[in-house]
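**Student:** just need the structure, nothing else, for what follows:
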Amino acid sequence: MEHILNLPIHYLLPFIVVISVVVFVHEYGHYWVARRCGIKIETFSIGFGPEIFGRTDKHGTRWKVSILPLGGYVKMYGDGSAASTPGEHVHNMTAAQKKVAFYHQHVDKRMAVVVAGPVSNYLFAILVLAVLFVFNGEPFTPAQVSSVIENSAAAKAGVKPGDRIVTIDGQKVDRFEDIKRIIALNAGTPVSIEADRNNQPVHFNFTPDIVTMTDSFGGQHQIGRLGIASNKVEYIKQPPLEAVRQSFIETWHLTTGTLRAVGQMAVGVRGTEEIGGPLRIAEMSGDVATEGLVTLIWFMAVISINLGLINLFPIPLLDGGHLLFYLAERVLGRPLSARIQEAGAQFGLVVVTTLMLFATWNDLVHLKVISYLRGLFS
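**Tutor:** Down below sits the predicted model:
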């Protein structure tokens, strides 16, 4: 319990910095495209709830910081709420008002505004990673085995120190990080590996062991493991164009890895205890901050990718849900009925609220708050 009590002192500032930056990037994407579509913006808020401070610009937009640093929103003219649901007055607007109201824009413009938030998160992450790869270097570990753990899947298959892994299930690997990434997502799944041993090809077919890993932040994950290690870690500074290319690749790997993990949770292959909420992000932000600015910036890029990806999920209230409705409107040539949209919004609210509660429960269990409370009454 002492750990959670110390949370505000040690982790609050890094958490606020990380969340505020990635939320600002996301919401500014909506804002930037909306302004270029001629839409009036009433409010740009970082955080929810009562305003702490703010200012109104010459366009009439109120830029503000609010008391709850758990997200943010852009409220456009005609919106009835921060979730961009149309207000009652949208049906009684003058021609001049309709011209600047989000609800009355062509569906293509509305789609562009909605998708701009997640896209901004991805572009931000790609830029951040590229800058890190140029100035700090990209982590690089050759795909060569330094040691083999006794009785591991690799040892039983005959893998030896000095072997250089070439492909896994046909996927070319150049780095040890590639091996870990692919194998981690194939816990209990047979894989085929091609390696180079003294300039001679060797092949292995075996199933990675399933192990429970505790990460540096205390989270537990079930992953696949071969039982090999490499002791060579290098940071290679990349030229700008190559850094951008590698940042795209890294972003792709982070996205597909997250999607695959979600799919494994959905079918029951992976535990759902990995799902975390604000408290887990706060803890991780504080822990990462102690490792230095570079690590914190890297973490910020990862959170930005996750925020962009989650918002693209086709759940009403999220950007992906709005995009789904607008795609339907694009196909049908007319908006979905008010009843369908309202039902979708209610469904989305239930889903999002359930996920938030579940994630918070996982956070409390992870931070040992639940076990502490149980101890008080047992």
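
**Student:** can you read off the pLDDT for the residue sitting nearest the centre point of the chain?
**Tutor:** Centrality entry for the chain: nearest residue to the mean C-alpha point is residue 306, 0.8 Å, by Cα atoms, centre = their mean. Note on residue 306: pLDDT of 89.

**Student:** in this structure it contacts residue 257, no?
**Tutor:** No. The pair residue 306 / residue 257 is not scored as a contact, 10.8 Å apart, by Cβ atoms under 8 Å. All C-beta atoms are positioned from the backbone trio N, CA, C, and that covers glycine.

**Student:** please identify the buried residues of the host helix or strand of residue 154?
**Tutor:** Using DSSP states H and E, residue 154 maps to helix 153-157. Judged by neighbour count using 16 or more other Cβ atoms under 10 Å, the buried positions of helix 153-157 are 153-154, 157.

**Student:** what about residue 330, how many residues nearby?
**Tutor:** Neighbour count for residue 330, taken as other Cβ atoms under 10 Å: 14.

**Student:** re earlier: would you format the buried residues of helix 153-157 as CSV with distance to residue 125 and pLDDT included?
**Tutor:** Conversion of the buried residues of helix 153-157 to CSV gives the following (distance: Cβ to Cβ, whole Å; pLDDT from 0 to 100):
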residue, distance to residue 125, pLDDT
153, 33, 84
154, 33, 85
157, 37, 85
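
**Student:** for these, which one is nearest residue 312?
**Tutor:** Nearest to residue 312, judged by Cβ to Cβ, of the buried residues of helix 153-157 is residue 153 at 35.4 Å.

**Student:** show me what the helix or strand harbouring the residue nearest to the centre of the chain is packed against.
**Tutor:** Element membership of residue 306 [criterion: DSSP H and E] is helix 293-311. With contacts defined as 3 or more Cβ pairs under 8 Å, 6 or more residues apart in numbering; DSSP states H and E, the packing partners of helix 293-311 are helix 7-36, helix 107-135, helix 240-266, helix 278-289.

**Student:** is it possible to get a markdown table of these that adds distance to residue 187 and mean pLDDT?
**Tutor:** Putting these into a markdown table (distance: least, Cβ to Cβ, whole Å; pLDDT from 0 to 100) gives the following:
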| stretch | distance to residue 187 | mean pLDDT |
| --- | --- | --- |
| helix 7-36 | 29 | 87 |
| helix 107-135 | 27 | 95 |
| helix 240-266 | 8 | 86 |
| helix 278-289 | 22 | 69 |
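
**Student:** isn't residue 14 right up against residue 293?
**Tutor:** No. Applying Cβ under 8 Å, one finds residue 14 not in contact with residue 293, separated by 10.7 Å.

**Student:** so residue 105 sits against residue 40, correct?
**Tutor:** No. Counting by Cβ under 8 Å, residue 105 sits too far from residue 40 to count as a contact (10.9 Å).

**Student:** what does the nearest residue to residue 166 once chain neighbours are set aside show for phi and psi?
**Tutor:** Closest residue to residue 166 apart from its sequence neighbours, by Cβ to Cβ, 6 or more residues apart in numbering: residue 194 at 4.8 Å. Residue 194 adopts backbone torsions of phi -110, psi 130, taken as degrees, to the nearest 10.

**Student:** quick one: residues contacting residue 194.
**Tutor:** Counting by Cβ atoms under 8 Å, 6 or more residues apart in numbering, residue 194 touches 165-167, 201-203.

**Student:** ok, of those, which one's closest to residue 94?
**Tutor:** Nearest to residue 94 out of these is residue 167 (Cβ to Cβ; 64.6 Å).

**Student:** on that earlier part again, show residues contacting the helix holding residue 154.
**Tutor:** Residues from elsewhere that reach helix 153-157 (Cβ under 8 Å, 6+ apart): 145, 148-149, 204-209, 225-228.
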